[in-house]
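J.: Fold the following.
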Amino acid sequence: MVLYFKARPEVGDYTIFMGFDKFENEELIKYGFPEDVWFHVDKMSSAHVYVRLHKGQTFDNISEGLLEDCNKVNNIDVVYTPWSNLKKTATMDVGQVGFHNSKMVRTVKVEKRINEVINRLNKTKVERTPDLRAEREAVNAAERAERKLQLRDKKRREEMDRMEKERQAEVRSYKGLMVAEKMTSNKQIASESKSLQEMEDDFM
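T.: Residues are numbered from 1 along each chain as shown. Next up is the predicted model:
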């Protein structure tokens with residue numbers, strides 16, 4: 001089971017979610033989205049909390065209000081990092097993670113639990129048992145289709161550019177043939193050619 005919450009409206013349309021136990025946490029680690037940011041109380045056993053950012057947004061510009069909504073315990077440090085920075089090895093326990101790059105881990109100090117925040121979030125709580133693998137595969141399929149479409153558009157633009165370059169080359173070539181110095185007038189042809197009478201005389 002995964003628990004979903006809605007962040008305060010003034011910070012934007014964000015979904016905060018967490019696994020009900022370590023097994024759901026394991027699934028969230030495995031099938032996260034590139035937009036997900038992972039939160040955890042530093043050096044303590046606690047829930048894995050995630051927030052799903054908007055496309056193109058980075059975890060460096062998460063608002064203070066959204067950070068506050070993701071943290072619920074008194075006087076602790078909370079670490080957070082992009083989902084893609086989570087590292088899982090075969091020797092780790094269920095739900096346990098490390099980091100690929102420690103420089104991509106941020107820490108925020110939570111001085112005091114704010115009950116008002118907790119109560120507001122709890123009013124938005126929804127419990128679901130999602131098929132996280134299917135959700136991730138659906139996103140992967142959509143991304144592949146988008147990349148395929150972009151590649152097709154790119155090839156079409158390249159082909160149009162190639163045809164336009166060929167057309168421009170033909171125009172330049174035609175203009176080169178029409179240069180005055182390279183042209184011969186009918187008068188010149190007539191003056192340089194033998195007359196019919198002269199040709200008959202030569203034949204005789």
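J.: what about the closest residue to Met1 other than its chain neighbours, neighbour count?
T.: Nearest residue to Met1, sequence neighbours excluded (Cβ to Cβ, 6 or more residues apart in numbering): Phe20, at 4.1 Å. C-beta: built from backbone N, CA, C; applies to glycine. By other Cβ atoms under 10 Å, 13 other residues sit near Phe20.
J.: dump the residue contacts of Phe20.
T.: Listed by Cβ atoms under 8 Å, 6 or more residues apart in numbering, the contact set of Phe20 reads 1-3, 127.
J.: Can you get me the centre-to-centre distance for the helix or strand that Val37 is a member of and its chain?
T.: Under the criterion of DSSP states H and E, Val37 resides in strand 36-41. Distance of strand 36-41 from its chain centroid, counting by Cα atoms, centre = their mean, to the nearest Å, is 20 Å.
J.: who's in contact with that strand?
T.: By Cβ under 8 Å, 6+ apart, the residues outside strand 36-41 that reach it are 32, 46-53, 59, 62, 70-71, 73, 76-83, 86, 97.
J.: Could you tell me the average pLDDT over the top helix by length along the chain, please?
T.: Assignment by DSSP state H gives helix 132-177 as the longest helix of the chain. Mean pLDDT, helix 132-177: 84.
J.: helices or strands next to that helix in the packing?
T.: helix 22-30 (3 or more Cβ pairs under 8 Å, 6 or more residues apart in numbering; DSSP states H and E).
J.: How far off centre is the helix it packs on?
T.: Distance of helix 22-30 from the chain centroid (Cα atoms, centre = their mean) equals 24 Å.
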